[in-house]
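*Asks:* Could you work out the structure for the sequence below:
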Amino acid sequence: MAALPQSESDESTHKPHWWNRTVIGAGITSALGDLCYETTTVILPGFLAVLGIPAAVLGTIEGIADMVASFTRMVAGFIADKLGHRKLLVLIGYSLTPVGQILIALAVGWPLLLLGRVVSWFGKGLRGPLRDAIVIQSISPETRGRAFGFHRAMDTVGAVLGPLLGVALLGWAQAWTWQDLSGPFRLVLWISVIPGSLAVVAFLTLVNDPAHSPNPELRFLASIRKLPTPFKRYLAAVGVFGIGDFSHSLLILSATQLLTPAHGVAQAAQIAGLLYAGRNVVQVVGSYPVGVFADRFGSLPVLIVGYMLGVTTAILTATAFFLGTGSLALLVAIFLCAGVFMAVQEALESTVTAGLVSSETLGTSLGTLGTVNGTAKFVSSTAVGLLWTIVSPVFSFGLAASLMAVGTIMLVRLQRGRETGDGTN
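*Replies:* The predicted structure follows:
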């Protein structure tokens, strides 16, 4: 690894290199943060089961937590633009994750469990857009792609290792003698506080927030209304695409169902899990090259290609159900497309935003993007699952592909408008 700069002050006299202390620190922090809460995610269903809480409650808890995170992003971005205290707010956001883990570890019923999950996700919503704004302003526009590619790769490393750590720790803890069946789960939850706390330390010591002046005259609704027209068009495209952009946990369910006739439920579930793990690996490996391509050819054109891969993922899934095939080659293609698509989406949606708005409203803009994305994906995953049940998986994934295709076309029109000078950069 390259040596970390002595200080960020040197970078103020020339174009900052993307491989700087802030980018590295933000990447390490994100990896540790994901390691913390993804460790919980994988054991949460089992924890609910031993507490005697119905499975339906889990869906409600996760839905509420996701919505809290989505709307927090917009407000957090505005507060940061108004007050200028971005690093402090990000530190509070990362601190809330281990606090939420502690609340869950202490839970004996659903109320405290819900509170813990909401606290964690509130912290996630609070820190996301502000952390991205800090990273964006610590680098030059020409290197945003590779910087965010690196950051998202580190983020996904935490998301990959978290579930593996959770499963391994649970197996280790269950070898002990417990008076309470919930004991092993609580031990894992307490251990997960460690990487969450280290994330706070990493951000505090490694990340420097570039100069950002407060804007006390900024008003929330007025700042939203005054966002540039090209950015509003971009949000509309992202929103329409997002309504079709279903959770990839549905891909795991799809693979399990398609493979069951030939392999049985247990083996089908194992293969599906491996395919999903492979998707995550593809996302990690692909994130930095995606950033390099974005720096060379432009973030918006590469994002359009990524969105096309998202459409392809939905079409191939609908095709698999239409043919009734559990072809492993087809499933590998689906998860491969999904992995590359996620690498592009995670790395570039924020960098496109930075190219469409001013630095004074960057936090608000990134927060608005997060809110639009979170709300649309909540609607999508709910709708696709419901239509799968009451109509058919072919119809649900086909409709998802259609909505994603419309969003992609809207992005293409935005790109053409920018090329012809119809809008601002």
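
*Asks:* give me the element residue 18 is part of.
*Replies:* Per DSSP states H and E, residue 18 falls between elements, in no helix or strand.

*Asks:* I figured it hits residue 151, correct?
*Replies:* No. Counting by CB atoms under 8 Å, residue 18 stays clear of residue 151, with 10.0 Å between them. Every C-beta, even on glycine, is put in place using the N, C-alpha and C of the backbone.

*Asks:* more crowded one of these two?
*Replies:* Using other CB atoms under 10 Å, the more surrounded residue of residue 18 and residue 151 is residue 151, with 28 against 23.

*Asks:* residues contacting the residue nearest to the spatial centre of the chain?
*Replies:* In the chain, the centroid-proximal residue (CA atoms, centre = their mean) is residue 346; its distance is 6.6 Å. Applying CB atoms under 8 Å, 6 or more residues apart in numbering, we find residue 346 in contact with 152, 155-156, 283, 287.

*Asks:* same check, this time on residue 385
*Replies:* 246, 250, 396.

*Asks:* which SS class is the first one?
*Replies:* Which is residue 246. coil (DSSP: H, G, I helix; E, B strand; the rest coil).

*Asks:* got a pLDDT number for it?
*Replies:* Confidence at residue 246, expressed as pLDDT, is 83.

*Asks:* Same question for residue 354.
*Replies:* 84.

*Asks:* Double-check residue 418 against residue 301; I have them as touching.
*Replies:* No. Applying CB under 8 Å, one finds residue 418 not in contact with residue 301, separated by 10.2 Å.

*Asks:* Stretch 240-249 spans what distance, first to last residue?
*Replies:* End-to-end distance of stretch 240-249 (CA to CA, to the nearest Å): 20 Å.

*Asks:* does the nearest residue to residue 34 once chain neighbours are set aside sit in a helix, a strand or a coil?
*Replies:* Excluding its sequence neighbours, the residue lying closest to residue 34 (CB to CB, 6 or more residues apart in numbering) is residue 158, at 2.9 Å. The assignment at residue 158 comes out as helix when based on three-state DSSP.

*Asks:* tell me the contacts of residue 158?
*Replies:* Residue 158 is in contact with 30-35, 38, counting by CB under 8 Å, 6+ apart.

*Asks:* so where do the helices sit in the stretch 51-200 of the chain?
*Replies:* Listed in chain order, the helices of the stretch 51-200 of the chain (DSSP state H, counting those that start in this stretch) span 55-83, 86-106, 110-137, 144-173, 183-206.

*Asks:* since we're on residue 202, how many residues are nearby?
*Replies:* Around residue 202 there are 22 other residues, counting by other CB under 10 Å.

*Asks:* Do I have it right that it meets residue 32?
*Replies:* Yes. Residue 202 lies in contact with residue 32 (CB under 8 Å); the separation is 6.1 Å.

*Asks:* now residue 129: how far from residue 372?
*Replies:* Using CB to CB, to the nearest Å, we find residue 129 at a distance of 12 Å from residue 372.

*Asks:* For residue 100, which non-adjacent residue is spatially closest?
*Replies:* Take residue 100 and drop its neighbours on the chain: the residue closest to it by CB to CB, 6+ apart is residue 120, 3.1 Å away.

*Asks:* Let's see the pLDDT reported for that neighbour.
*Replies:* Looking at residue 120, its pLDDT stands at 89.

*Asks:* Equivalent analysis for residue 251, please.
*Replies:* Listed pLDDT for residue 251 reads 88.

*Asks:* That one and residue 268: what is the separation?
*Replies:* As judged by CB to CB, residue 251 and residue 268 stand 13 Å apart.

*Asks:* related to what we said a few turns ago, just give me the lowest mean pLDDT stretch among the helices of the stretch 51-200 of the chain.
*Replies:* helix 55-83 (a mean of 74).

*Asks:* and residue 330, what element?
*Replies:* helix 328-356.

*Asks:* hang on, I meant residue 388
*Replies:* Using DSSP H and E, residue 388 sits in helix 362-390.

*Asks:* Show me what whichever helix or strand comes after that helix is packed up against.
*Replies:* Per DSSP H and E, the first helix or strand lying C-terminal to helix 362-390 is helix 393-419. The contact analysis (3 or more CB pairs under 8 Å, 6 or more residues apart in numbering; DSSP states H and E) places helix 393-419 against helix 229-244, helix 249-263, helix 299-323, helix 362-390.

*Asks:* Going toward the C-terminus from the second one, what's the next helix or strand?
*Replies:* Right, the one you point to is helix 249-263. Following helix 249-263 toward the C-terminus (DSSP H and E): helix 265-297.

*Asks:* Would you mind listing the buried residues in that next one?
*Replies:* Using 16 or more other CB atoms under 10 Å as the test for burial, helix 265-297 gives 268-269, 271-272, 275-276, 279-280, 282-284, 286-291, 293-295.

*Asks:* likewise stretch 402-409?
*Replies:* Those would be 403-405, 407-408, for stretch 402-409 by 16+ other CB under 10 Å.

*Asks:* quick one: which of those is nearest residue 328?
*Replies:* Among the buried residues of stretch 402-409, residue 404 lies closest to residue 328 (CB to CB), at 24.8 Å.

*Asks:* Spatially, what comes nearest to the closest one if we skip its sequence neighbours?
*Replies:* Counting by CB to CB, 6+ apart, the residue nearest residue 404 is residue 244, at 4.0 Å.

*Asks:* ok, now which ones touch residue 106?
*Replies:* With contact set as CB under 8 Å, 6+ apart, residue 106 has these partners: residue 112.

*Asks:* The closest residue to residue 381 other than its chain neighbours: how many residues sit nearby?
*Replies:* Closest residue to residue 381 apart from its sequence neighbours, by CB to CB, 6+ apart: residue 247 at 4.0 Å. Residue 247 has 16 neighbours, counted by other CB under 10 Å.
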